[in-house]
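Chemist: missing the sequence, but the structure's below:
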């Protein structure tokens, strides 16, 4: 759905974390009651979002 443009990634990915912070800032955040996240993207390398295509 993202590839077709029907669901823009900007609306689906509501957070981004590095691999070393995936548990503390990603998984734990998703399990908190009342969080606003839909999906959190885990970056495998330390690359700025502007460099990702």
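Modeler: It's in. On a predicted model such as this, the values are computed, not experimentally measured, just so you know.

Chemist: please report how far residue 34 lies from residue 27.
Modeler: Applying C-beta to C-beta, to the nearest Å, the value for residue 34 to residue 27 is 16 Å. Using the backbone N, CA and C atoms, a C-beta is placed for each residue, glycine as well.

Chemist: what about those two, which has more around it?
Modeler: Neighbour count, other C-beta atoms under 10 Å: between residue 34 and residue 27, residue 27 has more, with 12 against 4.

Chemist: doesn't that one fall inside a helix?
Modeler: Yes. Judged by DSSP: H, G, I helix; E, B strand; the rest coil, residue 27 forms part of a helix.

Chemist: would you mind measuring from it to residue 37?
Modeler: For residue 27, the distance to residue 37 - C-beta to C-beta - is 11 Å.

Chemist: try residue 6
Modeler: For residue 6 relative to residue 37 (C-beta to C-beta), the value is 21 Å.

Chemist: same check, this time on residue 10
Modeler: Distance from residue 10 to residue 37, by C-beta to C-beta: 14 Å.

Chemist: mind listing what's buried in stretch 28-44?
Modeler: Using 16 or more other C-beta atoms under 10 Å as the burial criterion, the residues of stretch 28-44 that qualify are 29, 40, 42-43.

Chemist: where in this protein is pLDDT low?
Modeler: For the chain, applying pLDDT under 70 flags the ranges 46-53.

Chemist: where do the strands sit along it?
Modeler: Applying DSSP state E to the chain gives strands spanning 13-18, 39-43.

Chemist: who does the last one pair with, and is each partner parallel or antiparallel?
Modeler: With DSSP bridges as the criterion, the sheet partners recorded for strand 39-43 are strand 13-18 (parallel).

Chemist: so what touches the partner strand?
Modeler: Under the contact criterion C-beta atoms under 8 Å, 6 or more residues apart in numbering, strand 13-18 has outside partners 25-26, 29, 36-43, 46, 49.

Chemist: check those residues and tell me the two furthest apart.
Modeler: Spanning the widest gap among these are 36 and 46, at 25.0 Å by C-beta to C-beta.
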